[in-house]
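[1] what shape does this take:
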Amino acid sequence: MGKNRSRRSWMDRARRLEKAITDYLELPADAVLDLPRLTLVGNSRLVVENHRGISEYQPDLVRLKLSTGELEIKGTGMLLREIKPDAIALEGTIHSLTFC
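    Okay, the predicted model is just below:
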C-alpha cells in the first residue's frame with residue numbers, strides 16, 4: 001500500500017509541474033498534458049480527441065477510456081462514425097456526458 005501511495009503522490013507532483021510549465025509557456029493544455037478534447041455539435045455529434053479506446057459500446061451507452069478516467073455518453077441511436085488512433089466521432093441523439 002505504501003508503494004502505491006508514494007507512486008500516486010509522485011505522479012500528482014509531476015502532473016502539477018507539467019501544468020505549471022504549460023501555463024508559464026502558454027501552451028495548449030490538451031496537447032501537452034494529453035487531456036481529452038471534446039467537440040459537441042448540438043446534441044447529435046461528438047468528437048473526442050486524445051482518447052485511450054472504447055471500454056463499452058451499445059446504441060444507448062458508450063464508454064471511452066481517457067487519460068483522466070472514463071467518459072460515459074448516454075443517448076439513443078448512437079453510431080461510431082469514425083474511429084482513429086487519436087479521435088472518435090459519434091453520432092446519434094446525445095442525452096448526457098459524464099466523466100467517471
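[2] ranges for the strands of this protein?
    37-41, 45-49, 51-58, 61-66, 69-83, 87-99 (DSSP state E).
[3] list the contacts of the residue lying closest to H51 once chain neighbours are set aside.
    Leaving aside its chain neighbours, H51 sits nearest to L64 (5.0 Å; criterion: Cβ to Cβ, 6 or more residues apart in numbering). All C-beta spots, glycine's among them, are computed from the backbone N, C-alpha and C. Each residue near L64 by Cβ atoms under 8 Å, 6 or more residues apart in numbering is listed here: 48, 51-55, 70-71, 73, 88.
[4] quick one: mean pLDDT over stretch 25-40.
    For stretch 25-40, mean pLDDT rounds to 73.
[5] that stretch: end-to-end distance?
    With Cα to Cα, to the nearest Å as the measure, stretch 25-40 spans 28 Å from end to end.
[6] report how many residues lie close to the residue nearest to K65 when sequence neighbours are not counted.
    With Cβ to Cβ, 6+ apart as the criterion, K65 has its nearest non-adjacent residue at 3.8 Å, and that residue is R52. By other Cβ atoms under 10 Å, 14 other residues sit near R52.
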